[in-house]
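[1] I'd like to go over a predicted model; first the sequence, then the structure.
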Amino acid sequence: MAGGVILGWTAVMFGALDLTGISAKNEVVMKKALIHGGINATVVIVYTVLAYSASKKYPESADASLPLLIVKFLTVNFMIVGNYIGGSLILKHKVGIEE
């Protein structure tokens, strides 16, 4: 989980750098990029909190409570939506693709 959080924050940083390369003139692409970044940053924040919480109980594993499972289920689905939007930025709008 710690590795995922570290890589997630790395992706957020590089995504913020990529955002600076998107022309502000193209409002549709900029809006999609901000939504994609916002969703994925939110997911990374949630998993950072979950990883910190789990590290406090280490070496014991946390019990899989229903609220925790619901939060994880919703977060994973939220991430799928964010990644779908990111995929459309690449495939439909050619963001990050040199021509």
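    All right, it came through fine. Numbering: from 1, shown residues only.

[2] And the next helix or strand past the longest helix along the chain?
    Assignment by DSSP state H gives helix 27-56 as the longest helix of the chain. Next helix or strand after helix 27-56 toward the C-terminus (DSSP states H and E): helix 66-91.

[3] Pull out the buried positions in that following helix.
    Buried residues in helix 66-91, counted by 16 or more other CB atoms under 10 Å: 75, 79, 82, 85-86, 89. (C-beta placed from N, C-alpha, C; glycine too.)

[4] Make CSV from these and add distance to residue 5 and pLDDT to it.
    Shown next, in CSV, are the buried residues of helix 66-91 (distance: CB to CB, whole Å; pLDDT from 0 to 100):
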residue, distance to residue 5, pLDDT
75, 12, 95
79, 13, 95
82, 16, 96
85, 21, 96
86, 19, 93
89, 23, 91
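
[5] what's the closest of those residues to residue 6?
    Of all the buried residues of helix 66-91, residue 79 has the smallest distance to residue 6: 16.3 Å, by CB to CB.

[6] Quick check: residue 50 vs residue 33, distance?
    Distance, residue 50 to residue 33, using CB to CB, to the nearest Å: 26 Å.
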